[in-house]
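Enquirer: need the 3D shape of this:
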Amino acid sequence: MIFVEKINKQFGSKIIFRDVSFHLRPKEKVGLVGENGTGKTTLFKVIMGKEPLDSGQVTLRKGLRYGLLEQDQEGGKETALERVVQGDPYFMQVKNEMEKLEADQKFQDRYGELQHEFERLGGYNREARAKTILQGLGFKPGQWENSLDRLSGGWRMRVELSRILLQQPDVLLLDEPSNHLDLQSVIWLESFLQTYEGSVLLISHDRKFLNTLATRIFELDRAALTVYSGNYDDYEQQKEAQRAQLESEAANQSRRIAEVERFIERFRAKNTKATQVQSRIKMLDKMERIKTTGSSKAIHFRFPQPLRTGRNVLEMENVAKYYGDLKVYENFSVTLERGWKVALAGENGAGKSTLLKMMAGVLQPDSGEVRQGVKVSRSYFAQHQGESLNFNHTVLESLQESAPGLLRTQQRNILGAFLFSGDDVEKKVSVLSGGEKSRLALARMLCGSAGAEGKVPVAPGSSLPPSFILLDEPTNHLDMRSREHLAAVLADYEGSLVIISHDRFFLDGFVNKVWEVADGKVRQYDGNYSEYEAARSKEEPAEIRKTTKGVEKMVPANSVLEKERKRKEAEERNLRYKQLKPLEIRLEEVENRLEVLMEENQQLQSDLADSGIYETEQKERLMKTMEQQRNLKEEEQNLMEEWDELTHSIEQIKKT
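Expert: Numbering: from 1, shown residues only. Alright, predicted model coming up:
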């Protein structure tokens, strides 16, 4: 589908890609991972031609249709549903041309072709499918009639994702698709992508998401791209084995270098050993040093433990909350006890964020009482907390504002733990990336906090963290390592917490209870999120059997028409299979050979880059290497042409 060959890209003195090559195959799902700032989003832009290369080549299959999800989305006057349904330029071109030719008898053949394409693109049930996708991503019926201008950035992102999924392109390029989704929407998207027929290249820091979907992992690290087979767990195991092997080889090489250096120092002054000494000096100069893998940067912070509180940390009694005519809670009561670490689960719109804000004290109930326990101090991290920082402050000033009781050295140490080192602490908040703002907001909250969005302060002058923290999607913009360390920090924390997060692996690291919010009530499950899912799955079979029974009554299994339809569908599938199988086998052979050629060509280019090959006595080797390179290029060109023909033939058969 996509071939990337030896691409190089540099921004100023920073090298983004150095001889990066890979091949995205049909129907495969690949996770693109790496620390923040390594160039993952830039790689997407390069593939789509939105960012120029310094050198190298990107080849897309002829006629390839792709969908690109980017992080920033603009508003507009059109509704969310209109954007999803009409947001495919190719579909709209087919639709508009059909409407123009509908009444013109001279163009009936062309109209027939367009109608066939319109049906293939799902034109007659397009709006219904769009609504299904929007609902899967969290929109309630009717909410899609809101204009994009009235939606937040996170909801516009959901609209854009819906638009791309409806198009069903050959390749999906998704940049952090789960960042602005709630947990139920993440699970729905995961299920959708599992059965997706096209290829997927996915940037994500959600381990469980990658483990479920990915069949290969591409890692960007220090301008190089390494390919690993399997999902994220497989990648970690392979990388660890590779790291151990490299460290062993590097240690052996270091011992060998030390031996050679000792020989040189010992015999440098002896004329009888001059030749051997010079030979070893040249050997050291030419020796390529084995590089071990660098350690990943991640936030590294340990909680100073809070004061011990009374048994009941927070009580809500007969609470009611309304938004206009919408009743969210009525006569609602719940108690949170010391040491509870609770994840809020439930469908979008069930009231999780409303509950969290009322518990934090940033939202007042319409009636009822919220009582804070003895010696309890609260701190609240909002989903977009990074955007509420004072943009005129420096990073250091921002932390000083939230933790005035800490010494300057302590403040710098805390910022260092959150990856702000050296001159970084003097940067203005206004120039920070989304991830940097999130890290700074977390640092402010965890080391003393400005409280609930600056409204609920901790004990004056206290450097202790609050005894009760409330977190709304704290992992957005954090990479994998930082998420894992934050989970370890929260597991070590001896206070109480309530959290909303879409990252299931992250939650499993520290929560001990799950509150499922639905219909203005809370249902409690003991254990972590995986244990909650297991418990829920045991409750569902009776409902599923009931639903299945209802369907059987509506469509009798012994229906003659139903049997005939299934027989015809099976015949069509078998015919397509017989046509497709040999083409797909040959396509796989061609792609495998192309990957081999790319590796062989890379080795030949490395040989030609060696200045020694151009010496007179190496002339025969030079000529042979250049001849091999010409033959490789010719074979590669022929295979690329065959690849185009095969993919086109396969696409045509699938259209019928």
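
Enquirer: ok so Asp285 is a helix residue?
Expert: Yes: the assignment for Asp285 is a helix, going by DSSP: H, G, I helix; E, B strand; the rest coil.

Enquirer: I'd like the numbering to begin with 45 instead of 1 from here.
Expert: Let's use 45 as the start, then, which means that last one is Asp329.

Enquirer: what's the burial count for it?
Expert: Neighbour count of Asp329, defined by other CB atoms under 10 Å: 7. Just so you know, the C-beta spots here come from the backbone N, C-alpha and C atoms, and that holds for glycine as well.

Enquirer: now swap in Lys371 and tell me
Expert: 14.

Enquirer: and the nearest residue to it once chain neighbours are set aside, how far is that from Ala389?
Expert: Nearest residue to Lys371, sequence neighbours excluded (CB to CB, 6 or more residues apart in numbering): Gly564, at 6.8 Å. As for Gly564, its distance to Ala389 is 15 Å (criterion: CB to CB, to the nearest Å).

Enquirer: wait, the residue nearest to Lys371 sits on Glu374?
Expert: Yes: using CB atoms under 8 Å, Gly564 is in contact with Glu374, at 5.9 Å.

Enquirer: who has more neighbours out of the two?
Expert: With neighbours defined as other CB under 10 Å, Gly564 and Glu374 compare such that Gly564 has more, 18 against 15.

Enquirer: who touches that one in this structure?
Expert: For Gly564, the contacting residues are Lys371, Val372, Tyr373, Glu374, Phe376, Gly395, by CB atoms under 8 Å, 6 or more residues apart in numbering.

Enquirer: quick one: which helix or strand includes the fourth one?
Expert: Just to be clear, that refers to Glu374. Applying DSSP states H and E as the criterion places Glu374 in strand 370-381.

Enquirer: what is the end-to-end distance of stretch 512-528?
Expert: Counting by CA to CA, to the nearest Å, you get 21 Å between the two ends of stretch 512-528.

Enquirer: what's the answer for stretch 304-323, then?
Expert: 10 Å.

Enquirer: hang on, the earlier thing: quick check, pLDDT for the residue nearest to Lys371.
Expert: pLDDT, Gly564: 91.

Enquirer: can you list the residues that contact the helix or strand just after the strand holding Glu374?
Expert: Using DSSP H and E, the helix or strand that directly follows strand 370-381 along the chain is strand 385-389. For strand 385-389, the surrounding residues in contact (CB under 8 Å, 6+ apart) are 227, 380, 396, 399-400, 534, 540-545, 551, 554-561, 573, 576.

Enquirer: filter these down to the buried ones.
Expert: 227, 380, 396, 399-400, 534, 540-545, 551, 554-555, 557-561, 573, 576 (16 or more other CB atoms under 10 Å).

Enquirer: now name the helix or strand holding Glu639.
Expert: helix 604-652.

Enquirer: closest to Gln238 out of the contacts of Gly564?
Expert: Gly395 (29.3 Å; CB to CB).

Enquirer: would you agree that closest one is in contact with Leu370?
Expert: No: with contact defined as CB under 8 Å, Gly395 does not count as touching Leu370 (9.9 Å).

Enquirer: the more surrounded of these two?
Expert: Gly395 (24 against 9).
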